[in-house]
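Undergrad: I'll drop the sequence and a predicted model, then ask my questions.
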Amino acid sequence: MTTPDPQATPFQPEEAAEAPAFPQASTPGYDEATATPGSTTYGTAYDAQQGYGVPGPDTNEQAAYAAGQQAYGQPAYGQPAYGQPFAAGAPKQWIVAVLLAFFLGTLGIHNFYLGYTTKGIIQLVLTITVIGIFVSGPWALIDFIMLIMRSGSYATDAQGQPLQ
């Protein structure tokens with residue numbers, strides 16, 4: 001037996017590296033929805049083809065996915081940062097706060113409406129007690145005047161949104 005002369009017919013890797021054909025009937029089942037990133041069920045022949053321009057899984061995107069980064073422009077799931085409101089509601093109405101302070105000011109209802117629950121509870125407890133009514137009345141009058149003038153903390157609600 002004679003061996004071919006390598007200089008007469010040089011070896012070309014581009015010609016010899018044909019992709020093996022996998023018929024559909026012999027391909028193992030692969031569910032992309034439940035697959036782990038980076039794992040293939042096609043074996044080493046599929047993985048070895050990546051260097052020859054044959055489409056395969058992109059290792060950069062898989063590494064980004066494994067590192068917890070966003071891939072394919074999908075929004076990241078996250079919790080709101082500490083101290084930030086979960087969902088901003090509609091801004092509070094100034095006129096409603098003024099009317100509540102005028103009619104129910106001694107009970108502190110306007111403070112509950114604006115989100116100042118501690119102030120509201122203190123005013124409510126003071127109003128219930130006999131001696132506290134003498135403190136709660138002037139306090140409600142001062143709150144009413146500050147709301148009309150929109151001064152101090154009564155220019156915004158407890159979340160910092162300006163009154164409408």
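TA: The structure has been received and is ready for your questions.

Undergrad: can you list the low-confidence ranges for this protein?
TA: Scanning the chain for pLDDT under 70 picks out 1-88.

Undergrad: show me what the longest helix seen in the chain is in contact with.
TA: As assigned by DSSP state H, the longest helix anywhere in the chain is helix 133-149. Residues from elsewhere that reach helix 133-149, judged by C-beta atoms under 8 Å, 6 or more residues apart in numbering: 94, 97-98, 101-102, 105-106, 108, 110-111, 123, 126-127, 152, 154. In this view, the C-beta of every residue, glycine as well, is placed from N, C-alpha and C.

Undergrad: buried among the residues you listed? Make that a ChimeraX selection.
TA: Command for ChimeraX that selects the buried part of those, burial taken from 16 or more other C-beta atoms under 10 Å:
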select :94,97,98,101,105,106,108,110,111,123,126,127,154
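
Undergrad: which of the contacts of helix 133-149 sit farthest apart?
TA: Greatest spatial distance among those (C-beta to C-beta): W94 and L126, at 24.9 Å.

Undergrad: what comes up buried for the longest helix of the chain?
TA: For helix 133-149, burial by neighbour count (16+ other C-beta under 10 Å) applies to S136, W139, A140, D143, F144, L147.

Undergrad: got phi/psi on Q161?
TA: Note on Q161: its backbone torsions stand at phi -80, psi 130 [degrees, to the nearest 10].

Undergrad: the residue nearest to it when sequence neighbours are not counted: which element?
TA: Leaving aside its chain neighbours, Q161 sits nearest to P91 (4.9 Å; criterion: C-beta to C-beta, 6 or more residues apart in numbering). For P91, there is no enclosing helix or strand under DSSP states H and E.

Undergrad: name all residues that make contact with P91.
TA: With C-beta under 8 Å, 6+ apart, P91 has these contacts: D157, Q161, P162, L163, Q164.

Undergrad: now a ChimeraX select for only the buried ones of those.
TA: Here is the ChimeraX selection string for the buried members of the contacts of P91, based on 16+ other C-beta under 10 Å:
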select :157,163
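
Undergrad: same list, the contacts of P91, but as TSV with distance to G132 please.
TA: Output for the contacts of P91, formatted as TSV (distance: C-beta to C-beta, whole Å):
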residue	distance to G132
D157	25
Q161	31
P162	32
L163	28
Q164	32
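
Undergrad: of the contacts of P91, closest to I131?
TA: Among the contacts of P91, and counting by C-beta to C-beta, the member closest to I131 is D157, at 30.6 Å.

Undergrad: picking that back up, just the ones of the contacts of helix 133-149 in helices?
TA: Those of those lying in helices (DSSP H): W94, A97, V98, A101, F102, H110, N111, Q123, L126, T127.
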